[in-house]
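Chemist: Provided below for reference: sequence and predicted model.
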Amino acid sequence: MFGRLNHVAIAVPDLDAAIARYRLLGAEVSAPQRLPEHGVTVVFVQAENTKIELLYPLGENSPIAAFLDRNLGGGTHHLCFEVPDIFVVRDDLVKKGVRILGDGEPKIGAHGNPVLFLHPKDMGGVLYELEQVSPA
Ligand SMILES: CC[C@@H](C(=O)O)C(=O)SCCNC(=O)CCNC(=O)[C@H](O)C(C)(C)COP(=O)(O)OP(=O)(O)OC[C@H]1O[C@@H](n2cnc3c(N)ncnc32)[C@H](O)[C@@H]1OP(=O)(O)O
Ligand SMILES: [Co+2]
């Protein structure tokens with residue numbers, strides 16, 4: 001199930017300050033992408049072997065709003081692993097009793113690939129995202 005670690009997501013209360021911080025560290029930081037279908041504005045910080053995904057709430061019902069209410073300074077929000085076939089992995093996880101968040105169907109994520117989220121209470125308190133990335 002766990003392919004490459006595609007990104008580590010961090011929810012931030014101040015996106016401009018977070019961008020400035022990573023740029024100060026000399027990192028390559030993408031331009032902000034508004035993703036209303038996900039309720040976030042997202043920026044990617046490139047690392048050598050993965051990415052940091054900075055998340056800022058967008059719109060009234062952002063799924064990260066409550067997280068930031070609980071974590072006023074921000075914090076690590078989710079880990080995203082790559083899978084070759086998101087439907088095969090999803091159906092296997094459902095059989096094993098893992099709840100898929102939302103309507104259970106993949107959405108298109110920030111990289112244009114199908115993504116799903118697993119309920120953190122079924123995964124040891126960690127929010128996992130799965131992103132379908134076809135093997136090179
Ligand atoms: C940029 C696009 C895309 C990509 O391509 O990468 C993205 O990453 S989009 C990112 C934003 N979208 C999502 O996160 C969608 C999935 N998330 C959700 O649906 C919600 O965040 C949630 C996981 C259902 C949590 O909702 P929330 O309102 O914060 O709280 P609940 O009360 O429903 O939470 C239940 C339970 O889970 C704990 N929790 C919440 N968030 C996390 C987390 N990030 N990591 C670990 N645990 C989390 C919360 O504390 C509750 O636990 P208890 O209090 O013990 O019941
Ligand atoms: Co993500």
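Modeler: Looks like it arrived, so ask away. Ligands and ions are numbered 1, 2, ... in the order given.

Chemist: Spit out the contact partners of L58.
Modeler: With contact taken as CB atoms under 8 Å, 6 or more residues apart in numbering, L58 is in contact with 34-36, 38-41. Any C-beta I mention is one placed from the backbone N, CA and C, and that applies to glycine too.

Chemist: go on, E28?
Modeler: Counted by CB under 8 Å, 6+ apart, E28 has contacts 45-46.

Chemist: Can you name the residues bridging to it?
Modeler: The partner list for E28 in beta bridges (DSSP bridges) reads Q46.

Chemist: I52 versus that one, what's the distance?
Modeler: Per CB to CB, to the nearest Å, E28 is found 11 Å from I52.

Chemist: what is in contact with the two at once?
Modeler: V45.

Chemist: Let's have the contacts of L58 in JSON lines, adding neighbour count and pLDDT.
Modeler: Formatted as JSON lines, those follow (neighbours: other CB atoms under 10 Å; pLDDT from 0 to 100):
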{"residue": "R34", "neighbour count": "11", "pLDDT": "98"}
{"residue": "L35", "neighbour count": "17", "pLDDT": "97"}
{"residue": "P36", "neighbour count": "10", "pLDDT": "97"}
{"residue": "H38", "neighbour count": "20", "pLDDT": "97"}
{"residue": "G39", "neighbour count": "16", "pLDDT": "98"}
{"residue": "V40", "neighbour count": "27", "pLDDT": "98"}
{"residue": "T41", "neighbour count": "19", "pLDDT": "98"}
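
Chemist: Mind checking which of those residues are in helices?
Modeler: Counting by DSSP state H, these place none of their members in helices.

Chemist: Nearest to G104 among these?
Modeler: Nearest to G104 among the contacts of L58: H38, at 16.1 Å, using CB to CB.

Chemist: Any regions of this protein where pLDDT drops low?
Modeler: Across the chain, nothing is flagged by pLDDT under 70.

Chemist: sorry, back to before: give me the subset of the contacts of L58 touching ligand 1.
Modeler: The subset of these within reach of ligand 1, by CB under 6 Å from any ligand atom, is 35, 38, 40.

Chemist: Sitting in strands, which of these do you find?
Modeler: Here DSSP state E is the test, and the ones next to ligand 1 among the contacts of L58 give 35, 40 as lying in strands.
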